[in-house]
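[1] Structure for the following, please:
(one chain, ligands or ions: 1)
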Amino acid sequence: MSKIIPYGRQNITQEDIQAVIETLQSDYLTQGPKILEFEKAFANYIGSKYAVAVANGTAALHLCTLALDVQKGQKVITSPITFAASANCVRYCDGEVIFADIDPETYLLDYASVEKLLKAAPKGTYHGIIPVDFAGRAVDLEKFRALADEYNLWIIEDSCHSPGGFFNDSKGTTQNCGSGNFADLAIFSFHPVKHIASGEGGMVTTNDENLYKKLLQLRTHGIVKQEELYTNSIEFAGGDTQYPLWYMEMQVLGYNYRLTDFQAALGLSQLNRADEGIVRRRQIAANYFDAFQKQSFIKGHSGVVEGHAYHLYIIEVENRLGLYNYLRTKNIYAQIHYIPCHLMPYYRQFGWKEGDMPNAENYYKHCISLPMYPAMTDEEQQFVIAAIYQFYKK
Ligand SMILES: Cc1ncc(COP(=O)(O)O)c(C=O)c1O
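    Numbering: from 1, shown residues only. Okay, the predicted model is just below:
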């Protein structure tokens, strides 16, 4: 195929383009009505009480660690098989990242490894957990919540890969990724390879009103514009009997992590097709699963899992480098998710080394993410499958 088949890509329709044009022609490019509209629609889709739109998923994570008041040296547990941002948000606040290994079956943060860490240290040693719905597979947050409550920890769910994903709790109730029913805060990214694209963009969801208010304030420089919160006097502000209309106060150190209105318009338009996208992703996953069942070159793969949002379709193979390079010659741009975070040079400086996370390190030797995006045609997928067969049957 002459066309490159990437591992993921956006799907922009005429409706999306129209939505952006309309917003560009409106009075607001930023700080306008599209933001709240997108937030409300997203919260409704996910099933959370509140949503806060932000500049990107990394900003979302940073706002979460700020809102939870992560302090210097506080220990936070996360997975080594994730994008670096899941860990970096702890470092932005000078906290300490503690990696716990993955479950080799699900590739998710391993509950038993986290429990072992917590049990081995006095209560109060750890402050939070950041589980990641890696590849789109939902973490069982009911279990993690119980553990977090026992050890007085907060949870940030990194749901960047899993809008539309879910797990069934112990009562059989469907629990959407990012719903806020178990995690204190959850975050999403709207990078083009994700389910919903807005160029750059992100969202924080929560059911906690207090955290919601903090996020809003931190997103815009730490500024409040509500009279009842002001601490300076009316006289200082320049009013007579009340605060003048222009007045506002910066009360804490915040950032500019806002999303623009035209990005929100794109996100909102994409959100309307989110369910369609998930259906197609699950179909693509089922096709891969059928094609590779019981093939000897597959070392193991997760099959078709209920509630999986299939941001990625990952297989573990022998001779991964050979396969990767062969696929490149066919213009199939598979990808590797992820190089274990604890072995990034930045994290090695804190003492992390090879052998610390055996499951994650073994997974990294074999994993490869195959093309997975709703706009991929059946023909393109068959081409990918055929290329993999050609490589292994040579
Ligand atoms: C698991 C995970 N967390 C966080 C992020 C950060 O999101 P963004 O790229 O929007 O900053 C990403 C995006 O790549 C991600 O995959």
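[2] Please report how far residue 153 lies from residue 112.
    Using CB to CB, to the nearest Å, residue 153 is found at 16 Å from residue 112. All C-beta atoms are positioned from the backbone trio N, CA, C, and that covers glycine.
[3] Revised request: answer the last question for residue 11.
    39 Å.
[4] do the same with residue 256
    41 Å.
[5] Just want the residue of the stretch 201-350 of the chain that's nearest the ligand.
    Of all residues in the stretch 201-350 of the chain, residue 202 sits closest to the ligand, with a separation of 5.1 Å (CB to the nearest ligand atom).
[6] ok, that residue touching residue 194?
    No. Using CB atoms under 8 Å as the test, residue 202 is too far from residue 194 to be in contact (9.6 Å).
[7] So those two - more neighbours on which side?
    Neighbour totals were compared for residue 202 and residue 194, and residue 202 leads with 28 against 24 (other CB atoms under 10 Å).
[8] Report whether the expected contact of residue 102 with residue 111 is present.
    No. Counting by CB under 8 Å, residue 102 stays clear of residue 111, with 10.6 Å between them.
[9] tell me which parts of the stretch 101-250 of the chain are close to the ligand?
    Within reach of the ligand by CB under 6 Å from any ligand atom, the stretch 101-250 of the chain has these residues: 132, 158, 160, 161, 189, 191, 202.
[10] and which of those residues is nearest residue 393?
    Closest approach to residue 393 among these (CB to CB): residue 161, at 31.7 Å.
[11] buried stuff in the helix or strand of the chain with the lowest mean pLDDT?
    Least confident helix or strand of the chain, by mean pLDDT, DSSP states H and E, is strand 298-300 with a mean of 79. By neighbour count on 16 or more other CB atoms under 10 Å, the buried set for strand 298-300 is residue 298.
[12] coming back round to it: residue 11 and residue 112: which has the busier surroundings?
    Between residue 11 and residue 112, counting by other CB under 10 Å, residue 11 is the more crowded of the two (17 against 10).
[13] Helix, strand, or coil at the more buried one?
    coil (DSSP: H, G, I helix; E, B strand; the rest coil).
[14] List the residues that contact it.
    197, 273, 277, 373, 374, 375 (CB atoms under 8 Å, 6 or more residues apart in numbering).
[15] Is it possible to get CSV of the residues you listed that adds secondary structure, pLDDT and neighbour count?
    Converted to CSV, these look like this (DSSP: H, G, I helix; E, B strand; the rest coil; pLDDT from 0 to 100; neighbours: other CB atoms under 10 Å):
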residue, secondary structure, pLDDT, neighbour count
197, coil, 98, 22
273, coil, 97, 17
277, helix, 97, 21
373, coil, 98, 23
374, coil, 97, 20
375, coil, 96, 12
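[16] Quick check: the farthest pair among the residues you listed?
    It's 273 and 373 that sit farthest apart of the contacts of residue 11, by CB to CB, at 12.7 Å.
[17] ok so, going back, for residue 176, state which of the residues of the stretch 101-250 of the chain next to the ligand is nearest.
    When those are compared for distance to residue 176 (CB to CB), residue 161 wins out at 13.6 Å.
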